[in-house]
Every structure is written in structure tokens, then in C-alpha cells.
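1. What follows is a predicted structure for the sequence shown.
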Amino acid sequence: MSSIMEDTRVPKAQWNDVEVDALLDYLISQKSKIAAIEIAGLGTHGPAKTGVQCKTKWQSLKQVYNAIDRCRNNRSGCHWDNSAGANIQGEAAEAQWAQFINSSSANKVMKPFKNSGWRSC
């Protein structure tokens, strides 16, 4: 009987780069619109946030998160906490910090976190 049954499995999807980019663009744009609606009642100052503004903020937050991750995981002896940030103390740490900040334009977003954590900036 099993030889008579048809194989009803759906073939595995094959994604090319253009399709993946289009999917991500769509998801990001839809998420941004939904996020703007969800946070509309939370605003304490300024106009209501738009989908574009939510998308821009999301991209900015991702850049900061990725920079913090690079700082924590790619530097020997690196300190990080959400209160004191990188907690740079002393000349040696200062020199190491300056080298890290200047080593990549992507690391420049870390400047405010030299001695201040995520929420204090």
C-alpha cells in the first residue's frame, strides 16, 4: 500500500539573495509600521513616531548592539556592564579604548559608552 501513496511532502524552498533581501525589506517595513502603532501611546515628548523613524531607530540600536558585542568579544580584557559601559580607567585602558574606537568607523558609536552604560546615554 505504501507504494501506491503519493509523496505529499512539500519540496524544500530554495532562496536566492534577491528573494532573501526582498523578504527582509518587507518584514522590516511591516515591523516598523506595527511598531509605530504599538508605541503611539507611550510618547512623552515630540510627535508620534512613524514607521520610517522606528526603522531608523531599530537600525541604530542594532549598530550599537553589534559594536558592544565586538567590544566585549573581540578584545582581550574588555569590561562591559550596562551601568558603567566599558568603564575605562587608567592610561593603558584609555590607549586601548582609543585604538578600538579608531580602528573602525562602526566602532565610533561606542564613544558614549566609555564610562556610561546602555541606559545612561
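-> That came through, no problem. Numbers count the residues shown, from 1 in each chain.
2. Pull up the per-residue confidence for the residue most central in space within the chain.
-> Here the mean C-alpha position of the chain is nearest to the C-alpha of K62 (CA atoms, centre = their mean), at a distance of 1.5 Å. Looking at K62, its pLDDT reads 85.
3. in which helix or strand would I find the closest residue to A35 other than its chain neighbours?
-> The shortest distance from A35 to any non-neighbouring residue, by CB to CB, 6 or more residues apart in numbering, is to C54 (4.2 Å). Every C-beta, even on glycine, is put in place using the N, C-alpha and C of the backbone. Assigned by DSSP states H and E, C54 falls within helix 51-74.
4. and C71, how many neighbours does it have?
-> Applying other CB atoms under 10 Å, we find 20 other residues in the vicinity of C71.
5. hang on, isn't it packed against H79?
-> No: using CB atoms under 8 Å as the test, C71 is too far from H79 to be in contact (9.3 Å).
6. Distance of the residue nearest to the centre of the chain relative to I37?
-> Applying CB to CB, to the nearest Å, the value for K62 to I37 is 21 Å.
7. now swap in K49 and tell me
-> Relative to I37, K49 is positioned 10 Å away (CB to CB).
8. Same drill for the two, tell me which one is more crowded.
-> K49 (19 against 12).
9. Hmm, Q96 is touching R75, no?
-> Yes: with contact defined as CB under 8 Å, Q96 reaches R75; the gap is 7.4 Å.
10. Can you list phi and psi of V18 for me?
-> phi -60, psi -40 (degrees, to the nearest 10).
11. who touches both of C71 and H79?
-> Both C71 and H79 are in contact with A86, where contact means CB atoms under 8 Å, 6 or more residues apart in numbering.
12. Low-confidence bits of this structure, can you list those?
-> 1-7, 20, 23, 119-121 (pLDDT under 70).
13. Helices of that one, start to end?
-> 17-38, 51-74, 91-102 (DSSP state H).
14. roughly how far apart are S60 and K33?
-> 18 Å.
15. which one of those two has more residues nearby?
-> K33 (15 against 11).
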